[in-house]
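*Asks:* Any chance you can model this:
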Amino acid sequence: MSIETEARAASGWQRPAPTRRERLVDIAVAAGLYVAAVLSQQLYRVAGVYDDAANAVLTFALLAVAVLPLAVRRTHPVVAALAVSAGFIASGSLQVPELLIVNITLFMAVYSVGAWVSRRSLAIGVRAVIVIVMAAWLMIAIFQSATDPDALDGFSRAGAFSPLLAYMLIQVLINLLYFTGAWWFGDRAFASARQRWDLEQRTAELERERERTAAQAVALDRVRIARELHDAVAHHVSVIGIQAGAARTVLTRDPDAASAALQTIEETSRETIRELHDMLSTLRDPEPGDTGDTARGLEHVPELVAASTEAGVPTSYRVVGEVQPVPAIASVNLYRIAQEALTNVRKHAGPDATADVRVRYGADHVELEVANTGGPAVRRLPGGLGQLGMRERVAASGGTLELGPRSRGGYLVRARIPLRAEASA
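*Replies:* Predicted structure coming up:
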């Protein structure tokens with residue numbers, strides 16, 4: 001990207017004000033250059049640079065104008081550049097015997113306008129005025145030297161391309177490179193400052209995004225834990241509650257049935273403890289992308305069907321189509337959906353309800369369907385977690401979920417997950 005393009009891109013950007021340390025550095029540099037200029041002019045005076053050199057008081061005053069404004073070159077770059085330029089011209093016109101430091105300070109002043117003025121049109125205008133004035137002053141000095149027979153008498157004027165002409169062309173070339181360098185380096189410094197600012201902003205934004213991502217990850221983990229607890233514990237507790245009620249009812253008249261119900265309660269309690277233990281183990285030492293070595297999937301749906309039948313809800317099971325490998329996450333999600341759906345049947349469908357579970361394998365998808373007779377089998381209370389958990393699981397696997405009452409009575413839960421999309425994910 002060119003300097004002009006970068007300047008246009010940065011036109012709406014305000015460069016931050018210099019720090020206290022930078023301002024102190026500028027003051028120290030200006031003071032040091034002024035001392036150097038005083039010493040330099042004394043050396044030039046001894047060397048006899050000018051025959052009619054300015055007196056010491058005027059020299060010190062003009063050097064102060066040409067050097068000391070650099071103390072504010074970052075806070076007030078335009079004022080500093082104009083003051084240094086005026087001091088430079090005055091010291092040259094009045095023959096102040098100093099030809100080194102004032103050239104350095106003028107370069108720094110022009111550079112500072114390009115580097116620190118945020119209004120780029122103002123920066124271009126101020127530098128253009130300085131360059132034009134300096135060029136005009138140089139042309140006048142060259143014309144006076146060319147027409148004055150006593151000036152530069154050490155150079156021959158003979159020939160079309162005389163030594164005097166060569167010397168003057170050298171002066172033009174030096175000044176051209178001098179002001180071009182000051183202009184270019186100033187623009188380069190401004191563009192670099194803008195790039196550093198952009199980088200700092202992007203770094204800060206990335207840090208904020210990292211914090212948001214971490215917070216979202218914690219929230220997602222909390223949701224996942226809540227969903228697992230709801231799906232696993234609610235299912236088993238509902239079985240325990242139903243069997244406990246049945247045992248209490250037949251305890252006196254049918255001890256064998258009560259014993260069978262208590263045995264189911266014992267087995268279900270152990271299963272609940274095992275799932276909670278697995279879940280806690282996963283939370284203590286999670287592996288990326290791991291669903292747990294003992295995580296249950298579609299292959300364990302027949303166990304849910306058997307448990308539902310034992311709990312008093314006759315449930316049938318059928319597999320349709322050619323069985324295909326199902327990714328672990330999708331398999332676990334479908335198992336939990338079936339578990340939640342059968343739990344809701346036992347809770348809400350009534351004592352005479354039946355259920356039917358079907359797993360259909362297509363060319364590029366797998367579908368779980370849980371239908372029941374009797375009343376609705378999905379919570380309708382505001383804020384219920386059953387439907388929310390199902391929708392979250394299906395969405396996590398890129399599938400669709402259908403919930404609703406059937407026209408012939410009962411309720412239908414149908415989850416469809418694309419196998420190819422899940423595998424790609």
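*Asks:* What segments of the stretch 151-300 of the chain are helices?
*Replies:* For the stretch 151-300 of the chain, the helices defined by DSSP state H, counting those that start in this stretch occupy 163-250, 255-284.
*Asks:* Give the other helices and strands that the last one contacts.
*Replies:* Counting contacts by 3 or more C-beta pairs under 8 Å, 6 or more residues apart in numbering; DSSP states H and E, helix 255-284 is packed against helix 163-250. From N, CA and C alone the C-beta is placed, and that goes for glycine too.
*Asks:* So for the helix it packs on, mean pLDDT?
*Replies:* Mean pLDDT, helix 163-250: 81.
*Asks:* Any idea how far that helix is from the middle of the chain?
*Replies:* 2 Å (C-alpha atoms, centre = their mean, to the nearest Å).
*Asks:* Against residue 320, how distant is the closest residue to residue 324 other than its chain neighbours?
*Replies:* Nearest residue to residue 324 in three dimensions, chain neighbours excluded: residue 361, at 5.1 Å (C-beta to C-beta, 6 or more residues apart in numbering). Distance of residue 361 to residue 320, computed by C-beta to C-beta, to the nearest Å: 7 Å.
*Asks:* between these two, who's got more neighbours?
*Replies:* residue 361 (17 against 12; other C-beta atoms under 10 Å).
*Asks:* and the more buried one, what are its phi and psi?
*Replies:* Phi and psi for residue 361, reported as degrees, to the nearest 10, are phi -110, psi 120.
*Asks:* what bridges to it?
*Replies:* Under DSSP bridges, the beta-bridge partners of residue 361 are residue 366.
*Asks:* mind giving me the domain ranges of the chain?
*Replies:* The chain resolves into domains spanning 3-210, 301-425 when parsed by automatic domain parsing.
*Asks:* Tell me how far the longest one lies from the chain's centre.
*Replies:* Taking C-alpha atoms, centre = their mean, one finds the center of domain 3-210 at 40 Å from the center of the full chain.
*Asks:* do the shortest one as well
*Replies:* Going by C-alpha atoms, centre = their mean, the spacing between the C-alpha centre of domain 301-425 and its chain's C-alpha centre is 40 Å.
*Asks:* count of residues packed around residue 121?
*Replies:* Quick note: residue 121 (other C-beta under 10 Å) scores 10 neighbours.
*Asks:* Also residue 323?
*Replies:* Around residue 323 there are 12 residues (other C-beta under 10 Å).
*Asks:* now swap in residue 414 and tell me
*Replies:* Neighbour number of residue 414 under other C-beta under 10 Å is 18.
*Asks:* Quick check: which element contains it?
*Replies:* strand 411-418 (DSSP states H and E).
*Asks:* Kindly export that strand (C-alpha atoms) in CSV.
*Replies:* In CSV, the C-alpha atoms belonging to strand 411-418 read as follows (Å, rounded to 0.1, in the frame of the first residue of the first chain):
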residue,chain,number,x,y,z
TYR,A,411,-48.4,-37.8,21.1
LEU,A,412,-45.5,-38.1,18.7
VAL,A,413,-41.8,-37.3,19.0
ARG,A,414,-39.8,-37.6,15.9
ALA,A,415,-36.1,-36.7,15.7
ARG,A,416,-34.3,-36.8,12.3
ILE,A,417,-30.5,-36.4,12.1
PRO,A,418,-28.5,-36.3,8.9
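*Asks:* Using the three-state scheme, assign residue 402.
*Replies:* strand (DSSP: H, G, I helix; E, B strand; the rest coil).
*Asks:* List the contacts of the closest residue to it other than its chain neighbours.
*Replies:* Nearest residue to residue 402, sequence neighbours excluded (C-beta to C-beta, 6+ apart): residue 414, at 4.2 Å. Residue 414 makes contact with 367, 368, 369, 370, 401, 402 under the criterion C-beta atoms under 8 Å, 6 or more residues apart in numbering.
*Asks:* what about the stretch 251-400 of the chain, any weak spots by pLDDT?
*Replies:* 278-295, 375-385 (pLDDT under 70).
*Asks:* Next, please give the residue ranges for the strands of it.
*Replies:* 315-320, 355-361, 365-372, 400-405 (DSSP state E, counting those that start in this stretch).
*Asks:* With distance to residue 118 added, can I get the ones you listed in TSV?
*Replies:* Conversion of the strands of the stretch 251-400 of the chain to TSV gives the following (distance: least, C-beta to C-beta, whole Å):
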stretch	distance to residue 118
strand 315-320	71
strand 355-361	66
strand 365-372	59
strand 400-405	54
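*Asks:* Of all residues in this protein, which one is nearest the centre?
*Replies:* residue 206 (2.9 Å; C-alpha atoms, centre = their mean).
*Asks:* For the residue of the chain most remote from its centre, grab phi and psi.
*Replies:* Note on the chain: the largest separation between a C-alpha and the mean C-alpha position, by C-alpha atoms, centre = their mean, falls on residue 253 (70.6 Å). Here is the backbone geometry of residue 253 (degrees, to the nearest 10): phi -100, psi -20.
*Asks:* ok, now how distant is it from residue 63?
*Replies:* 119 Å.
*Asks:* Ok, residue 263 next?
*Replies:* For residue 263, the distance to residue 63 - C-beta to C-beta - is 106 Å.
*Asks:* For those two, work out which one has more neighbours and name it.
*Replies:* Per other C-beta under 10 Å, whichever of residue 263 and residue 63 has more neighbours is residue 63, with 25 against 12.
*Asks:* ok, the more buried one touching residue 90?
*Replies:* No: using C-beta atoms under 8 Å, residue 63 makes no contact with residue 90, being 10.1 Å away.
*Asks:* if I look at these two, which residues touch both of them?
*Replies:* Counting by C-beta under 8 Å, 6+ apart, the residues touching both residue 63 and residue 90 are residue 96.
*Asks:* now the end-to-end length of stretch 91-110.
*Replies:* 18 Å (C-alpha to C-alpha, to the nearest Å).
*Asks:* before we move on, back to that, which residues does the residue nearest to residue 402 bridge with?
*Replies:* residue 369, residue 402.
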